[in-house]
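Enquirer: fold the following for me, if possible:
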Amino acid sequence: MQIPALLHGSYKEVRSRCQKNVSALAKGASFESAFGSGAMLDTTATAGLLVLDGPSASLSSDAHFQCFLPLRLIYEAIDRGRPPQGLAEAVFHASLQTPWSLLGLLAPNNARWLYLEQRLRPTLEAVERFWNELTQCGPRYTNGSASGQELWPAYSNLQHILARLGAPTESLTQPLTRADLSAWM
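Expert: Model (predicted):
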């Protein structure tokens, strides 16, 4: 998977870089130009976990992919009333366009992005579309632990989405396949 280089580093480093990009959004830049237009890193060639929740003391100074951070910082800016009106909807739709930005929506501390019912199915459709890329990363997903897991066993908003769409509770504890996702479309 290709992830913007600006998301790779310690939490503190990445937060500092991302704050600048959030400021660019507030001045009218698109999500794509603010976060997705720079250098990209291939996760198969770059060490580090794919962090879905943080910050974490166990990951504090090591370089990892801080996947949750852009959408978290954008939502904080929206809460403060800084970005232009309509930015949340534009960012949400842009986040569905690439696997790396979709991970931001799947991050547990970004659940606020998915409170609106009309955002659930498009997010699930994006997960199904990018399933191979998301699962090919292997056991590199973390919610703060120093060891990684596969995407499905790592707690994410994917379980939340499926539950809200009516998936039986017992199915949320079973291994998930792309065919399972397609069944919920």
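Enquirer: could you identify the helix or strand that succeeds the longest helix anywhere in the chain?
Expert: The helix of greatest length in the chain, counted in residues with DSSP state H as the criterion, is given as helix 11-26. Beyond helix 11-26 on the C-terminal side, the first helix or strand identified by DSSP states H and E is helix 31-35.
Enquirer: which stretches of the chain form strands?
Expert: Residue ranges of the strands in the chain, as given by DSSP state E, are 2-4, 8-9, 40-42, 50-51, 64-66, 141-142.
Enquirer: go through those strands and pick out the most buried.
Expert: Across the strands of the chain, averaging neighbours per residue (mean count of other Cβ atoms under 10 Å) puts strand 64-66 on top, at a mean of 28. Bear in mind the C-beta positions are built from the backbone N, C-alpha and C, glycine included.
Enquirer: who's in contact with that strand?
Expert: Applying Cβ atoms under 8 Å, 6 or more residues apart in numbering, the contact partners of strand 64-66 are 3, 7-11, 14-15, 18, 41, 43, 46, 48-51, 54, 100, 142.
Enquirer: so how far is Leu96 from Gln19?
Expert: Gln19 sits 24 Å away from Leu96, taking Cβ to Cβ, to the nearest Å as the criterion.
Enquirer: do the same with Gly28
Expert: 21 Å.
Enquirer: of these two, who's got more company?
Expert: When neighbours are counted by other Cβ atoms under 10 Å, Gly28 and Leu96 differ, and Leu96 comes out ahead with 17 against 11.
Enquirer: doesn't Leu103 make contact with the more buried one?
Expert: No: with contacts defined as Cβ atoms under 8 Å, Leu96 does not count as touching Leu103, sitting 11.4 Å away.
Enquirer: what's the helix or strand of the chain with the lowest mean pLDDT packed up against?
Expert: Taking mean pLDDT, DSSP states H and E as the measure, the chain has helix 178-183 as its least confident helix or strand, at a mean of 79. Secondary-structure packing of helix 178-183 (3 or more Cβ pairs under 8 Å, 6 or more residues apart in numbering; DSSP states H and E): helix 120-129, helix 131-136.
Enquirer: kindly compare burial across those and name the winner.
Expert: Of all the helices and strands packed on helix 178-183, helix 120-129 has the most neighbours on average by mean count of other Cβ under 10 Å, namely a mean of 18.
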